[in-house]
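Q: Got a sequence here, can you model it:
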Amino acid sequence: MLSNTSGFSDIRKKAGTASLRLAPSGDYQKDGNAYKKAFSEADGIVFERLGVAVINPHHEEQINELRSAARTQNTFVYSEPERYLYALDGQGYAETNRWRNLWDAVCQIFKPSPARRPDTGLFDFDDDSTASWGIHALRILDTRFTGKGVNIAILDTGFNLGHPDFADRVIKSESFIEGEKVEDLNGHGTHCTGIAAGSSNKSSGVRYGVAKEANIYIGKVLSNQGSGSDSSILAGIEWALTNKCQVISMSLGAAVSLGETYSNIYNDIGKLAMAQGTIIIAAAGNESNRNMGVISPVGHPANCPSIMAVGALNSKMDVANFSCGGLNPNGGQVDVGAPGVAVYSAYKSPDNYGIISGTSMATPYVAGIAALYYEEKPESSASEIWMKITQNARRLDLPATDVGAGLVQPVLQQT
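A: Modelled structure (predicted):
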């Protein structure tokens, strides 16, 4: 990947001198699947809005020539290898509808009485007949805001387009995975969409979604197997920005090593999005095993300072065993925490509902709440929304390296 602040025409001109034929992403926006053709019809693609070019493999000689020109002409800012990213549904479990009643019965038998934690003053939250425990923890039922009029993009494995709870919702969607439609055969993307912008189970009435009236934009940037390359993620981000999405939720990532710095290209994209009024929110990662004393650093791209990183909490307001921590000094901090263990939401067909754990689940809670803040003050900048999320978070008696500012909270109804 190559980054350039001068825009597409300058990138294409410089690439031409190195015998590289680069296609403009604008030529492929009418069909998200078609942008993949650029990698066979040309030597790569330029994401014009982002100022980033992704070059096909086997062009190392030309890329080196381009880098050499960049050093002398001070044109290209960064050059990075393309990565593969994955859905972050880590060390949790998926319980589909047919097992849910049995699971609830077992929990009722062995569940201790709710007790107030002396260190935080919070109850042990539970799913009940009105809402999931995450909705209770975030006090979503106490706010009058619904995300109405706000565009949320969920960049993930797609969506269960026939889900009964979304029959009356307008959903704009696009697939950026070659040979795959938007339909979610994985379940991860549907689950995250339900948390961020769903409402309630139409049969049971259980509320599981935050911004229930937000405008939903589904970008399939991960395959049905849960993986995708930087090129598909960048295509999804550019599509979301083109559609004026104020919130981009990315429950995806890749592990980084202790001491590894963040991607300059993704960090610049985060800053570019912020300047255009869009906040990008990403999962901190699931590579930790805290029960064994292992804490891994926040992964890519959540480790970028310009992208909000979300850690996961359980129903007792403890850090999830798998949740990554802010270990790397140069970026890589956790900004805020949200529910991420045994989270109930929408799921793929035919089950339609499932329980999953991961920082992937925590991320769309924050995305939904960002939509509530945008609804309250539509004129707010992305930086102001970021500040509101962190300043209004409920402080926890936990390290900031694990939960950042604390438990994310919504705009509460005025009394």
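Q: can we go C-alpha only for contacts and neighbour counts from here?
A: Noted.
Q: Could you find the closest non-adjacent residue to Pro329?
A: With sequence-adjacent residues excluded and distances taken as CA to CA, 6 or more residues apart in numbering, Pro329 is closest to Gly259, at 7.5 Å.
Q: In this structure that neighbour contacts Gly332, no?
A: No - if you go by CA atoms under 8 Å, Gly259 and Gly332 don't touch, sitting 9.6 Å apart.
Q: what about the two, which has more around it?
A: Neighbours were tallied for Gly259 and for Gly332 using other CA atoms under 10 Å; the higher tally belongs to Gly332 (30 against 13).
Q: Just give me the neighbour total for Tyr373.
A: Tyr373 has 22 neighbours, counted by other CA under 10 Å.
Q: Which element, helix or strand, includes it?
A: Secondary-structure assignment from DSSP states H and E places Tyr373 in helix 359-376.
Q: helices or strands up against the very next helix or strand once past that helix?
A: Proceeding N to C from helix 359-376, the next assigned helix or strand is helix 382-391, under DSSP H and E. Here helix 382-391 is seen to pack against helix 264-275, strand 279-283, helix 359-376 when contacts are counted using 3 or more CA pairs under 8 Å, 6 or more residues apart in numbering; DSSP states H and E.
Q: Tell me which of the ones you listed approaches Arg207 most closely.
A: Using CA to CA as the criterion, the shortest distance between Arg207 and the helices and strands packed on helix 382-391 is 13.0 Å, found for helix 359-376.
Q: Throw the helices and strands packed on helix 382-391 into a markdown table and include mean pLDDT, thanks.
A: What follows is those, written out as a markdown table (pLDDT from 0 to 100):
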| stretch | mean pLDDT |
| --- | --- |
| helix 264-275 | 96 |
| strand 279-283 | 98 |
| helix 359-376 | 98 |
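Q: And the ones you listed: which comes nearest Asp168?
A: When the helices and strands packed on helix 382-391 are ranked by distance to Asp168, counting by CA to CA, first place goes to helix 359-376 at 18.7 Å.
Q: shouldn't Met250 be in contact with Ile152?
A: No - between Met250 and Ile152 no contact is recorded; they are 10.9 Å apart, counting by CA under 8 Å.
Q: how about the helices in the chain?
A: Using DSSP state H, the helices assigned to the chain run over residues 8-17, 38-41, 60-73, 97-110, 133-137, 188-197, 230-242, 264-275, 359-376, 382-391, 400-403.
Q: any idea which of those scores lowest on pLDDT?
A: Taking each of the helices of the chain in turn, the one with the lowest mean pLDDT is helix 97-110, at a mean of 40.
Q: Can you spell out which helices and strands pack onto the helix holding Tyr373?
A: Contacting helix 359-376 under the criterion 3+ CA pairs under 8 Å, 6+ apart are the following elements: strand 151-156, helix 188-197, strand 247-250, strand 279-283, strand 308-313, strand 336-339, helix 382-391.
Q: now it against strand 151-156, angle please.
A: Taking axes from the mean of the first three to the mean of the last three CA atoms, to 10 degrees, helix 359-376 and strand 151-156 form an angle of 170 degrees between their directions.
Q: Centroid-nearest residue for this protein?
A: Among the residues of the chain, Met250 comes closest to the average C-alpha position under CA atoms, centre = their mean, at 1.6 Å.
Q: so what's that one closest to, chain neighbours aside?
A: By the measure of CA to CA, 6+ apart, the closest residue to Met250 outside its immediate chain neighbours is Ala282, 4.7 Å from it.
Q: if we can go back for a sec, how about the helices and strands packed on helix 359-376, which one is nearest Gly228?
A: Where those are weighed against each other on CA to CA, the nearest is strand 151-156, at 9.1 Å.
Q: Other residues contacting that closest one?
A: With CA atoms under 8 Å, 6 or more residues apart in numbering as the test, strand 151-156 has contacts from 87, 188-189, 192-193, 197, 214-222, 233, 236-237, 240, 244-252, 367-368, 371.
Q: where's the residue nearest to the centre of the chain relative to Ile355, distance?
A: Here the distance between Met250 and Ile355 works out to 19 Å (CA to CA, to the nearest Å).
Q: Same question for Asp402.
A: Between Asp402 and Ile355 the distance is 23 Å, computed by CA to CA.
Q: go on, Ala393?
A: Spatial separation of Ala393 from Ile355 under the definition CA to CA is 25 Å.
Q: ok, now Asn264?
A: Here Asn264 is placed at a distance of 35 Å from Ile355 (CA to CA).
Q: Comparing these two, which shows the higher neighbour count?
A: Between Asn264 and Ile355, Ile355 has the larger neighbour count (other CA under 10 Å), namely 20 against 17.
Q: Isn't that one up against Ala342?
A: Yes - taking CA under 8 Å as the definition, Ile355 is a contact partner of Ala342 at 5.4 Å.
Q: what's around the closest residue to Gly44 other than its chain neighbours, how many residues?
A: Leaving aside its chain neighbours, Gly44 sits nearest to Ile55 (4.3 Å; criterion: CA to CA, 6+ apart). Neighbours of Ile55 under the rule other CA under 10 Å: 24.
Q: Please apply the same query to Asn291.
A: Using other CA under 10 Å, the number of residues around Asn291 comes to 10.
Q: OK, contacts around the closest residue to Ser251 other than its chain neighbours?
A: For Ser251, the nearest residue in space outside its immediate sequence neighbours is Ser360; the separation is 4.4 Å by CA to CA, 6+ apart. With contacts defined as CA under 8 Å, 6+ apart, the neighbours of Ser360 are 87-89, 192, 250-252, 282-283, 285, 340.
Q: and Gly337, what are its bridge partners?
A: Per DSSP bridges, residues listed as beta-bridge partners of Gly337: Gly311, Leu407.
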